[in-house]
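Need coordinates for the below:
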Amino acid sequence: MKTWSLRKGIGVVSALLLLTCQGCKSGGPKEDPILRLSSAEALQEGKKLMEAGKYQRAQEYFTHAFEVEPNSAGGREGLLLAADSLFLSNSVDGFVRGEAKYRDFQNRFPTSDNAAYVQYQIANCLAERMRKPDRDQSPSEKALAAYDELIRLFPDSEYLDKAREQSNRVRSNLAEHEFLVGHYNYRRRLMTAAISRFESLLDTYPEYDSRDKAIFFLARAYAAADEAEKADAAFEQLREEFPESRYLEKIPAQEEQK
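The predicted model follows:
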């Protein structure tokens, strides 16, 4: 009985060894074919994939092109295109990872001819993660700072007009956020806080496209806080600056009689 058990054990071990050897002969896990490519080959293949709209796969080839020759012209191009492919994937993850890639390029090659473009794309990655006005505006604030940095560092950049256009979009979002916070305080009868928000909104974002709305509620907040003179001045400002505003109809009757 013991002899049979011993033979059975030896047979099991032998079978395991045979399987292990067969695994060795087959080469184990397959090697990623990308790893066999030179930087130039990976770059070329990545460009084909990008043209076909296969951004995720293209990014893998571009990253390899950079890792093989990080200090060559092809390597630098690979890093930049890897960032571009992540941005073009049009996803939150792509924008986050794309920003990181652009910043990596910026840190490694600060004097590159592509420096203005990289700064512009960093700002775009942040702007694309901008949240609705009633949510946290940290990405919007960072995006605005990034666009301002582009305008400051590269005043002759070809991306300047687009940066200003995008910056205005971000500023509009931030302005609406300020209004919503002010209006929330107004409804809660926290007039000091509401006045502070509305005043800050009008001073910081003079281009706000709902400026008449902000002036109207500022006037109402002044009135509720027993600051009659300031309320009168704000209502008068509304009449002068926005004679067609729908908020003129909402001015209290006693104010219209003055």
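
Can you tell me the element Glu141 falls in?
Counting by DSSP states H and E, the element that carries Glu141 is helix 138-153.

Find the nearest non-adjacent residue to Thr192, please.
Leaving aside its chain neighbours, Thr192 sits nearest to Ala225 (6.9 Å; criterion: CB to CB, 6 or more residues apart in numbering). Quick note: C-beta positions are derived from backbone N, CA and C, even for glycine.

Then Pro252?
The nearest residue in space to Pro252 (CB to CB, 6+ apart) is Ala223, at 7.6 Å.

Same question for Ser245.
Of all residues not flanking Ser245 in the chain, Asp212 sits nearest, at 4.1 Å (CB to CB, 6+ apart).

which residues sit in contact with the one you found?
Listed by CB atoms under 8 Å, 6 or more residues apart in numbering, the contact set of Asp212 reads Leu238, Glu241, Phe242, Ser245, Tyr247.

and if we set it to 10 Å?
By CB atoms under 10 Å, 6 or more residues apart in numbering, Asp212 lies in contact with Gln237, Leu238, Glu241, Phe242, Glu244, Ser245, Arg246, Tyr247, Leu248.

Out of those, list just those in helices.
If you go by DSSP state H, the contacts of Asp212 have Gln237, Leu238, Glu241 in helices.

what about the stretch 101-250 of the chain, any weak spots by pLDDT?
Across the stretch 101-250 of the chain, no stretch falls below the confidence threshold (pLDDT under 70).

Most neighbours of all the contacts of Asp212, which one?
Neighbour counts for the contacts of Asp212 peak at Leu238, which has 23 neighbours (criterion: other CB atoms under 10 Å).

That residue reaches Glu244, doesn't it?
No. With contacts counted by CB atoms under 10 Å, Leu238 stays clear of Glu244, the gap being 11.1 Å.

follow-up on the earlier one: quick check: angle from the helix or strand following the helix holding Glu141 to helix 138-153?
Per DSSP H and E, the first helix or strand lying C-terminal to helix 138-153 is helix 160-187. Helix 160-187 runs at 140 degrees relative to helix 138-153, counting by axes from the mean of the first three to the mean of the last three CA atoms, to 10 degrees.

Can you list the buried residues in helix 160-187?
For helix 160-187, a neighbour-count test (16 or more other CB atoms under 10 Å) marks 160, 163, 166-167, 170-179, 181-183, 185-186 as buried.

Check which helix or strand Gly98 maps to.
Following DSSP H and E, one finds Gly98 within helix 92-108.

swap in Ala219?
Here Ala219 is assigned to helix 211-224, by DSSP H and E.

tell me the angle of that helix relative to helix 160-187?
Computed by the same axes, to 10 degrees, the angle separating helix 211-224 from helix 160-187 equals 30 degrees.

separation between Lys101 and Pro155?
26 Å (CB to CB, to the nearest Å).

more neighbours, those two?
Neighbours per residue, other CB under 10 Å: of Lys101 and Pro155, the larger number sits with Lys101, 26 against 9.

contacting residues around that one?
Contact analysis of Lys101 by CB under 10 Å, 6+ apart lists 59, 62-63, 66, 79-87, 118, 121-122, 125.

Check which helices and strands the helix holding Glu141 sits against.
Applying 3 or more CB pairs under 10 Å, 6 or more residues apart in numbering; DSSP states H and E, we find helix 138-153 packed against helix 92-108, helix 115-127, helix 160-187.
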